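>>> Following is a predicted model, sequence given first.
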Protein chains: 4
Amino acid sequence: MNESINQNTGFGERSTDMGGRMVNKDGTFNIRRIGIRVHHRVSNYQNMLTMPRWQFLLVIFFVYLLINCFFTALYWYSGTEGLQGISHQKDSLGKLKEVFFFSTQTLTTVGYGRINPISETANWIAAIESLIGFLSLAIATGLLYGRFSRPRAFIRFSDLIVYTHYKGGKALMFRLVCYKDDHLLTNAEIKVNVRIVMEDNSYRFYNLKLERSRVDSLVLNWTVVHPIDEDSPFKDLSQKEIVNLQPEISAYLTGFDEVYSSMVVARISYAIQDFKFGFKFLPMYFSKSKRTDLDLAKLNLIDQE
Amino acid sequence: MNESINQNTGFGERSTDMGGRMVNKDGTFNIRRIGIRVHHRVSNYQNMLTMPRWQFLLVIFFVYLLINCFFTALYWYSGTEGLQGISHQKDSLGKLKEVFFFSTQTLTTVGYGRINPISETANWIAAIESLIGFLSLAIATGLLYGRFSRPRAFIRFSDLIVYTHYKGGKALMFRLVCYKDDHLLTNAEIKVNVRIVMEDNSYRFYNLKLERSRVDSLVLNWTVVHPIDEDSPFKDLSQKEIVNLQPEISAYLTGFDEVYSSMVVARISYAIQDFKFGFKFLPMYFSKSKRTDLDLAKLNLIDQE
Amino acid sequence: MNESINQNTGFGERSTDMGGRMVNKDGTFNIRRIGIRVHHRVSNYQNMLTMPRWQFLLVIFFVYLLINCFFTALYWYSGTEGLQGISHQKDSLGKLKEVFFFSTQTLTTVGYGRINPISETANWIAAIESLIGFLSLAIATGLLYGRFSRPRAFIRFSDLIVYTHYKGGKALMFRLVCYKDDHLLTNAEIKVNVRIVMEDNSYRFYNLKLERSRVDSLVLNWTVVHPIDEDSPFKDLSQKEIVNLQPEISAYLTGFDEVYSSMVVARISYAIQDFKFGFKFLPMYFSKSKRTDLDLAKLNLIDQE
Amino acid sequence: MNESINQNTGFGERSTDMGGRMVNKDGTFNIRRIGIRVHHRVSNYQNMLTMPRWQFLLVIFFVYLLINCFFTALYWYSGTEGLQGISHQKDSLGKLKEVFFFSTQTLTTVGYGRINPISETANWIAAIESLIGFLSLAIATGLLYGRFSRPRAFIRFSDLIVYTHYKGGKALMFRLVCYKDDHLLTNAEIKVNVRIVMEDNSYRFYNLKLERSRVDSLVLNWTVVHPIDEDSPFKDLSQKEIVNLQPEISAYLTGFDEVYSSMVVARISYAIQDFKFGFKFLPMYFSKSKRTDLDLAKLNLIDQE
């Protein structure tokens, strides 16, 4: 058992210091970084790439408003007489709005020209603003393209991990499926680790040996099987003993996605409440006359042995 | 024979449930996903990248029309008097067209300015529309660049696979060629699998061992050879017995393309109708005084032994 | 000892010719290239990607000014009467400024239109300038996006390397941590080399064998341990003897960053003044009820044994 | 000798059919593809990426002229009265030029507005043209960014390969150097092949075993050494016998470039006229008090033994 102790999990030897779950259900790690300033710890690029679309659009919109308000203030304090063509509205608010809209026309480089700068100051501000419009467009382009083209693994894992009969012994099994058309993974590999709680409340980490840890082309579903053999940390344990170990199984899958031309990674974690003893997965693909049907609604379909 | 049973094809153990051909002739997989909503299953990015050029341009054009119609409606309902400079056409249709063209001038940020917004509402709509024009440009840029720069393997496979004499025994051979100038593959590797139908109508998968499965630099053609030796699933089988197995041979080639600076993948599948027994490939490159000529028209040139 | 002599450091056999430190503290190499023209040696792309942000913005701004000055000169020498709408300022300087601002409006494609070209020459210059505006935008986009999306390793190494008791013997240890949220490294690997000075003042290079040189997912801190065993170049040496060898330890870490979908590399170098004998690292992560806290302020926290 | 026969060069068994040099001095392959249409064989993307800068700018400029001429023709045949503001030049040529310049203002979205479309037809043409301006910008952006960011290996190889004494025997040596500051290669590997002409005028390919085929970080120069031992195809051959074999040595180097975050490849080929018997390379880096100087002018510096 000791021989397969996992030295490569990225979690140190002093594992008793770890609290709660190691990996969240969605594959993110349950860690908080402290002792570092927020702007060092947080990755703006990563945030802009991964925030929800509505939030991203809101950010863009508010930045747009902000830049325009800033330049509106500049034009205003340099004097509205520097702008030609402001309509004959007399009150200040109306003029302010005209200046604001002129600013939007400059920033986006639409430049209708009804209002246009005539004073030197206003001209300089406009020259700077349209340059900033340029650069903003560049930044927006980068972010939008980055969001689009960001390689992601389109993998769904089963919610449960089953403990079932397998080849005369027992095995732990979960499964995963590539759910997007045209997004197969080439040279897919999976690594599975487990963290168990010892009697003295310390943690131990193990690699789980798999019946198969690599598929050439991941197109259909893949049932990942850990046979409970001589090398398994669950060897000769009863269901109750396994539960007492409070195992947390975490796995990550890597593969090459041809659409993105990049390696992608998917992660999952199973805590003890995700274990189903004495169940097995039911098939999720079926023969038709001309092709194979893969039913993703059956990913979590299990039945008692 | 059992030892080389392929556990890594990505196709599970219950292979009898598979229907029809496993991989289509063009290398795509013959699978339909069900039990999942279309917008989860379909990858818009992948579609925009891989659709034919004319279709892509049509999509761009219709999106352009659509956005303009939407903003035309907004300007219209906010009142055409919010737009200055609409020409003295009296009928509504004429005005509507003027508003539509003003919208196109705003979205593309061309902004001639003959027609321009004067009311606050029209100004706001224009400010939003030109921002959206910004973002649309960003999206179009991303998609176009993504289409351009998408790494593809410029590989052609022979249409046929031949069964021929080879080094005192027999071998299966197909060949492939890199057909683009300047697009050689570095560290090219090929993997070949076969699916055969057993007497009980179940399927079995095998890796086919190759005489050579890797080339440093794939510049010329490459004849992939599976010698039918002790480890081959076709060992000691007659032509008729091979046909009865209904073998489907699928292969994928990976390599590093220097132009794209990325790994690329090419796939092929041969069904029994693609087998040619007793034929061999004829040479397709020829010595000249100063260089080698590679004749791609001869890729499928075979002759009886 | 000789068996682990490192032939793979990238430093040749004639190492006595090397001067000073091999790798700087920040991981850059302490080498100057001569005998080559500056523009061959220097990578403009690399410079634009890695210069500080304020410097990058200054470069953009000055290029913007420069291009505008160039085109202002062209318009000026082709005659200001080629431009319509220059306001009724009489003096040359005022006209020059008007031409300059017209140039900025053309380059950024804002094109208000109050001033616009009427002569053929001015029209040609404007046609070229707006094209160059196009291309400049493309270049700015590329550079800005390149800066944003440039994969970097968000790794901090400890400032010190400790020499401490370890499993009944001695070991050298340093540690590193991934300091950005959401930027874990998959399949992280580290390689550690040492350069020592022999009695005849020549250099020798060794690979240092590590207790663990790979982690699946680098999320927390990682203490890199070189046990001083039979294969170590520091075997049986006293602290004083080690100091006399003037060891310079350099390491590089590679891993796959999912945010950037790319391999990243981090480097570090420890000279003899960075060695701490008889000290050990104190823990830097702590159990909470619900999660683990990783305290980056404690990265360099050491204590006497 | 036969055991190291290279099956992986990408050149087939029928090597007698090859003509002239296999790889050109600059690392490109000496092959012509026939039997395929030019537009299938040629990669436009690759061409636009790798053509010289002046040629690229010329292409951009001519495409710009072409698109403008096309749209000028459209406006012209739809009637110049559809465009408002054409100046009071009476002759057709003058009007044609005005239309052409209006077209450039539309395509680049500068849109001054002095001339602007009023008829429905002209408005439609302008709406399409500004959209095409959009897309052209996207294409130009993609190409320019692609040219910028295209990963290249900044490696220079020595012009010569020397045959010299080495560790009591003989060896073939060439060297290479990374000539750009900040562009070191991580995990650099080199593979060296040789093609020799047999007595019957057929060709044979061999891998050349190297004393060292990998460096962790390629920063300085690297002397690639093929010791002529038991496994070498040059074993026990005199200088004259080697010349008679007409060896052509080709090599390729791969490594990870951190600036581009990508693997890069460099290639070289040495024909018999590049061999120097009885010469050795002189050092090209030198110790200074504070750093190492790498003199690229000395890359080809050799001396008689």
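Looks like it came in fine. Residues are numbered from 1 along each chain as shown, chains lettered A, B, ... in the order given.
>>> For burial, what's the neighbour tally of the residue in chain A that chain D sits nearest to?
Proximity of chain A to chain D (CB to the nearest CB) peaks at residue A:113, 5.4 Å away. Heads up, the C-betas are built off the backbone N, CA and C, glycines and all. Neighbour count for residue A:113, taken as other CB atoms under 10 Å in any protein chain shown: 28.
>>> thinking it is in contact with residue C:115, fair?
No: assessed by CB atoms under 8 Å, residue A:113 is found out of contact with residue C:115, at 9.6 Å.
>>> in chain A, which helix or strand is least confident?
strand A:285-287 (a mean of 76; mean pLDDT, DSSP states H and E).
>>> Could you identify the helix or strand that succeeds it?
Once the chain leaves strand A:285-287, the next helix or strand it forms, by DSSP states H and E, is strand A:292-295.
>>> Now do the buried residues in whichever helix or strand comes after that next one.
Once the chain leaves strand A:292-295, the next helix or strand it forms, by DSSP H and E, is strand A:302-304. Residues residue A:302 are the ones in strand A:302-304 that count as buried (16 or more other CB atoms under 10 Å in any protein chain shown).
>>> contacts for strand A:302-304?
For strand A:302-304, contacts defined as CB atoms under 8 Å, 6 or more residues apart in numbering or on different chains pick out A:160, A:162, A:276, A:278, A:279, A:280, A:281, A:282.
>>> ok, back up a step: what sits against the residue of chain A closest to chain D?
With CB under 8 Å, 6+ apart, residue A:113 has these contacts: B:111, B:113, B:116, C:111, C:112, C:113, C:114, D:112, D:113.
>>> change it to 6 Å
Contacts for residue A:113 (CB atoms under 6 Å, 6 or more residues apart in numbering or on different chains) come out as B:113, C:112, C:113, C:114, D:113.
>>> Kindly report the same for residue A:129.
Residue A:129 neighbours (CB under 6 Å, 6+ apart): A:71, A:106, A:107.
>>> anything in stretch A:48-67 near chain C?
No: judged by CB under 6 Å from any CB of the partner chain, stretch A:48-67 makes no contact with chain C; its nearest approach is 6.9 Å.
>>> Kindly state the beta-bridge partners for residue A:276.
Note on residue A:276: beta-bridge partners by DSSP bridges are residue A:162.
>>> The residue nearest to residue A:150 when sequence neighbours are not counted sits in which helix or strand?
Among residues not flanking residue A:150 along the chain, residue A:49 sits closest, at 5.5 Å (CB to CB, 6 or more residues apart in numbering or on different chains). Using DSSP H and E, residue A:49 sits within helix A:44-50.
>>> Show the pLDDT at residue A:81.
You'll see residue A:81 listed with a pLDDT of 88.
>>> Find the residue closest to it in space, skipping its chain neighbours.
residue A:119 (7.0 Å).
>>> Count residues in the vicinity of the one you found, would you?
Under the criterion other CB under 10 Å, the count of neighbours that residue A:119 has is 17.
>>> Same question for residue A:253.
With other CB under 10 Å as criterion, residue A:253 counts 26.
>>> per-residue confidence averaged over the helix or strand hosting it?
Residue A:253 belongs to strand A:248-257 when assigned by DSSP H and E. Confidence over strand A:248-257 (mean pLDDT, whole number) is 94.
>>> Parallel or antiparallel, which strands does that strand pair with?
strand A:185-197 (antiparallel), strand A:262-270 (antiparallel).
>>> what mean pLDDT would you report for the first one?
This predicted structure assigns strand A:185-197 an average pLDDT of 92.
>>> Which strands and helices lie in contact with the helix holding residue A:49?
Contacts defined by 3 or more CB pairs under 6 Å, 6 or more residues apart in numbering or on different chains; DSSP states H and E place helix A:44-50 against helix A:120-149.
>>> circling back: which among the contacts of residue A:129 are in contact with chain B?
Okay, of the contacts of residue A:129, nothing touches chain B (CB under 6 Å from any CB).
>>> top of these by neighbour count?
Most surrounded of these: other CB under 10 Å gives residue A:106, at 28 neighbours.
>>> helix or strand for it, which one?
helix A:92-107.
>>> residues of that helix that come out buried?
Those would be A:95-107, for helix A:92-107 by 16+ other CB under 10 Å.
>>> between those, which is closest to residue C:267?
residue A:107 (41.4 Å; CB to CB).
>>> What is the neighbour count of the closest residue to that closest one other than its chain neighbours?
The shortest distance from residue A:107 to any non-neighbouring residue, by CB to CB, 6+ apart, is to residue A:133 (4.2 Å). Residues near residue A:133, counting by other CB under 10 Å, number 28.
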